[in-house]
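[1] with the input below, show me the fold.
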Amino acid sequence: MLVLYRYTELLKVIELTYHRHAMAIAPYFNAIMQFHSQRLLKIIAIAKVKKMMMRFIFIFIGFL
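    Okay, the predicted model is just below:
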């Protein structure tokens, strides 16, 4: 019975630790999401430019 009590207490400690760390990160979550969104938009913009350049090159080569 003592073992079950110890495991229960251990699970409570793990839960409280996770909750405390999650609350510490919460104020910065919006900034983290904005940062990753901006990175993703930049990657998409670069991919669009590369696609347009490749299309232009294929059209130019086709006219030669």
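[2] burial measure for residue 38, as a count.
    10 (other Cβ atoms under 10 Å). Bear in mind the C-beta positions are built from the backbone N, C-alpha and C, glycine included.
[3] what helix or strand is it on?
    When secondary structure is defined using DSSP states H and E, the element that contains residue 38 is helix 29-63.
[4] let me see the mean pLDDT of that helix.
    With pLDDT averaged residue by residue, helix 29-63 scores 86.
[5] ditto for stretch 2-21
    The average pLDDT within stretch 2-21 is 83.
[6] sorry, back to before: what is the distance between the helix holding residue 38 and the centre of its chain?
    The gap between where helix 29-63 is centred and where its chain is centred comes out at 19 Å by Cα atoms, centre = their mean, to the nearest Å.
[7] run through the neighbouring helices and strands of it.
    Contacting helix 29-63 under the criterion 3 or more Cβ pairs under 8 Å, 6 or more residues apart in numbering; DSSP states H and E is no other helix or strand.
[8] just the C-alpha atoms of stretch 55-64, please, in CSV.
    These are the backbone C-alpha positions of stretch 55-64, laid out as CSV (Å, rounded to 0.1, in the frame of the first residue of the first chain):
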residue,chain,number,x,y,z
ARG,A,55,9.3,29.0,-65.4
PHE,A,56,10.9,32.0,-66.9
ILE,A,57,14.1,30.0,-67.8
PHE,A,58,12.0,27.2,-69.4
ILE,A,59,10.1,29.8,-71.5
PHE,A,60,13.3,31.6,-72.5
ILE,A,61,15.0,28.3,-73.5
GLY,A,62,11.9,27.4,-75.5
PHE,A,63,12.2,30.5,-77.6
LEU,A,64,15.9,29.8,-78.5
